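Asks: Just to be clear, the model below is a prediction. Sequence and coordinates:
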Amino acid sequence: MSSSAPSFEADGSTDQVWPLVVDMDDTLLCTDTLLESGLQLVRHQVWCLLLLPFWLMGGRAHLKRRISEHVTLDIATLPVNAPLLAWLLRQHKAGRALHLFSAADQSIVTAVATRFGIFQSAHGSDGTVNLSGTRKLAAIRAIVGSRFTYAGDSRKDLPIWRGGGSAVLVGAIAPLRAELGADVTVEADFAATRPGVRTWMRALRLHQWAKNILLFVAVLLGGDVLTDLPAALIGFLVFGLMASATYLLNDMLDLPHDRLHRSKRHRPLASGALPLRQAVVAVVLLGLAATALLPLLPLAFAWVAALYLAVTLTYSAYIKRKLMLDVFTLAGLFAIRIVAGIAAVNHPLTPWLMAFSIFFFLSLACVKRYSECLVAGEQGLTTVPGRAYLPKDAPWLMAMGAASGFSAVSTFFLFLVDTGSPILLYPHPRWMWLICILLGYWICRTWALAARGQMHDDPILFAMRDRLSLILGGVIAVLVLLARS
């Protein structure tokens, strides 16, 4: 942070004291409250999207007012620009007059001002006048006079800085400082940290792409590697791009719950490390990239991908908070990945594989919810945040999950002994019997670790990081190749 006169620090020493006017969105708060409100509108009252064009016909201020009437933000959990807030607290303690001015709706601005308790007044859009640019400048002058210091973050604030004569720069300060001119004194600046590669990797959940390895099951079980692998790789990339887009969208819709979660509150969007606007742009670009790859694959793959996307979005918006329907949907999403791999290489779909997949992944989905119930119980919560489960649901989730796991093993056993099974086409099918034993062992071990509270809340990611699970997966792959050779 750099400083120059006029300054007003805690010791009270100053040659000239001007009122300090503070912007809210992307300045005091590390988020855009209009975008946040719009996302919550989509989540809770999606039908209101049809009304947005009519609300916008009344102007931006009218749009903001109508959205605020349908959505209530959790103001207490909105991420804050901590360095700026600390500086504002010092200014307030020293007796400087602070005022909050924002283009957000008045109801939101008032609630934010109440949260911090350091502002003499709070002013926002009133449903008729959108308090931005020159209109904000006129409102500021009417309240605090012609000379003031303004804290803002964008080029839209340039008329206000030039009108007040003193600036506090927030965000991308270098280009803002270059455009201010010599007539505006920069009292302080607070540069924002741009989201780096690691932040984007966390937001895009690149580690979750590991789940899309399921698209290669078709190649492993019956495909020709040289012929089918390129198509499977393209399918893997398409599903990865779609997954990252839906994870971003899910995080945007789940912001209120994530900010209350013990670990999810540190996610890039929930913490404010990644701006919402950039996340929206990323979702669009990821979707376009995935769409551009579809012509390289069979039409059937495009239909399966569309089904996956539709189910994923429905799960994020609605199903994930419905008892039992959520775990069946999670199992179905994993099974869809296998179907997508089959469609990518244009192989026939076998009922044995689908039946095994549903039972197996239903067991893992129950592990996920079981672990969340255990954590909620340890924290003394009466419900699992964002889910339709209670901590006392853990025992029956374990019972159902264990039963599903052994149903998967039983299905695999029947696949081995059925006289019409495609396994008989393998030159050495007896190697597959060892897989049945390994699967049974892995499921038992997984549930034992879950019961001890040692399981990651996502068992698929646990398996990708667990050395023994990786070894068993490698052995299973070798056994399949031996059976086919």
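Replies: Structure received.

Asks: Grab the nearest non-local neighbour of residue 398.
Replies: Spatial nearest neighbour of residue 398, chain neighbours left out: residue 370 (5.5 Å); criterion: CB to CB, 6 or more residues apart in numbering. The C-beta positions use only the backbone N, C-alpha and C, and glycine is treated the same way.

Asks: In what element of secondary structure is that neighbour found?
Replies: Secondary structure from DSSP states H and E places residue 370 in helix 351-378.

Asks: I'd assumed residue 396 was in contact with the residue nearest to residue 398.
Replies: No. Residue 370 sits out of contact with residue 396 when judged by CB atoms under 8 Å, with a separation of 9.5 Å.

Asks: More neighbours: which of the two?
Replies: Remark: of residue 370 and residue 396, residue 370 carries more neighbours, 28 against 12, as counted by other CB atoms under 10 Å.

Asks: How about the contacts made by the more buried one?
Replies: Residues near residue 370 by CB atoms under 8 Å, 6 or more residues apart in numbering: 394, 397-398, 401, 450.

Asks: In helices, which of those appear?
Replies: 394, 397-398, 401, 450 (DSSP state H).

Asks: Could you tell me which residues within stretch 194-207 count as buried?
Replies: By neighbour count on 16 or more other CB atoms under 10 Å, the buried set for stretch 194-207 is 195, 199-200, 202-205.

Asks: and it, how far apart are its ends?
Replies: 22 Å (CA to CA, to the nearest Å).

Asks: Please tell me how far that stretch is from the chain's geometric centre.
Replies: Its chain's C-alpha centre and that of stretch 194-207 lie 11 Å apart, by CA atoms, centre = their mean, to the nearest Å.

Asks: Then stretch 284-294?
Replies: Using CA atoms, centre = their mean, the offset of stretch 284-294 from its chain centre is 19 Å.

Asks: Now residue 302: closest residue in space that isn't a chain neighbour?
Replies: Excluding the flanking residues, the one nearest residue 302 by CB to CB, 6+ apart is residue 294, at 4.8 Å.

Asks: An error on my part: the question was meant for residue 25.
Replies: Of all residues not flanking residue 25 in the chain, residue 32 sits nearest, at 4.9 Å (CB to CB, 6+ apart).

Asks: Do I have it right that the one you found meets residue 278?
Replies: No. Using CB under 8 Å, residue 32 is not in contact with residue 278; the gap is 10.8 Å.

Asks: now the helices for the stretch 51-200 of the chain?
Replies: For the stretch 51-200 of the chain, the helices defined by DSSP state H, counting those that start in this stretch cover 52-56, 60-70, 82-93, 106-116, 133-144, 158-164, 173-180, 197-204.

Asks: Show me what the second one is in contact with.
Replies: For helix 60-70, contacts defined as CB under 8 Å, 6+ apart pick out 34, 37-38, 41, 45, 48, 51-52, 55-56, 58, 103-105, 107-108, 125-132.

Asks: can we see that at 10 Å?
Replies: Residues outside helix 60-70 that contact it (CB atoms under 10 Å, 6 or more residues apart in numbering): 33-34, 37-38, 40-41, 44-45, 48, 51-59, 103-108, 111, 124-132, 135.

Asks: and what of the shortest one?
Replies: Outside helix 52-56, the residues within contact range by CB under 10 Å, 6+ apart are 38, 41, 48, 62-67, 70.

Asks: out of these, which are buried?
Replies: In these, the ones that pass as buried (16+ other CB under 10 Å) are 38, 41, 48, 62-67.

Asks: I'd like the ones in helices among the contacts of residue 370 laid out as JSON lines, including neighbour count.
Replies: Converted to JSON lines, the ones in helices among the contacts of residue 370 look like this (neighbours: other CB atoms under 10 Å):
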{"residue": "394", "neighbour count": "21"}
{"residue": "397", "neighbour count": "23"}
{"residue": "398", "neighbour count": "19"}
{"residue": "401", "neighbour count": "25"}
{"residue": "450", "neighbour count": "25"}
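
Asks: thinking residue 477 is in contact with residue 438, fair?
Replies: No. Using CB atoms under 10 Å, residue 477 makes no contact with residue 438, being 11.1 Å away.

Asks: Mind checking which of those two has more residues around it?
Replies: Counting neighbours by other CB under 10 Å for residue 477 and for residue 438 shows that residue 438 has the greater number, 16 against 13.

Asks: Looking at the helices of the stretch 51-200 of the chain, spot the one closest to residue 236.
Replies: helix 197-204 (15.1 Å; CB to CB).

Asks: I'd like the C-alpha coordinates of that closest one written as PDB, please.
Replies: Coordinates of each C-alpha in helix 197-204 appear next as PDB, following Å, rounded to 0.1, in the frame of the first residue of the first chain:
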ATOM      1  CA  VAL A 197      -2.700 -21.000 -11.800                       C
ATOM      2  CA  ARG A 198      -3.200 -22.800  -8.500                       C
ATOM      3  CA  THR A 199      -6.400 -20.800  -7.800                       C
ATOM      4  CA  TRP A 200      -7.800 -21.700 -11.200                       C
ATOM      5  CA  MET A 201      -6.800 -25.300 -10.800                       C
ATOM      6  CA  ARG A 202      -8.700 -25.500  -7.500                       C
ATOM      7  CA  ALA A 203     -11.800 -23.700  -9.000                       C
ATOM      8  CA  LEU A 204     -11.800 -25.900 -12.100                       C
END
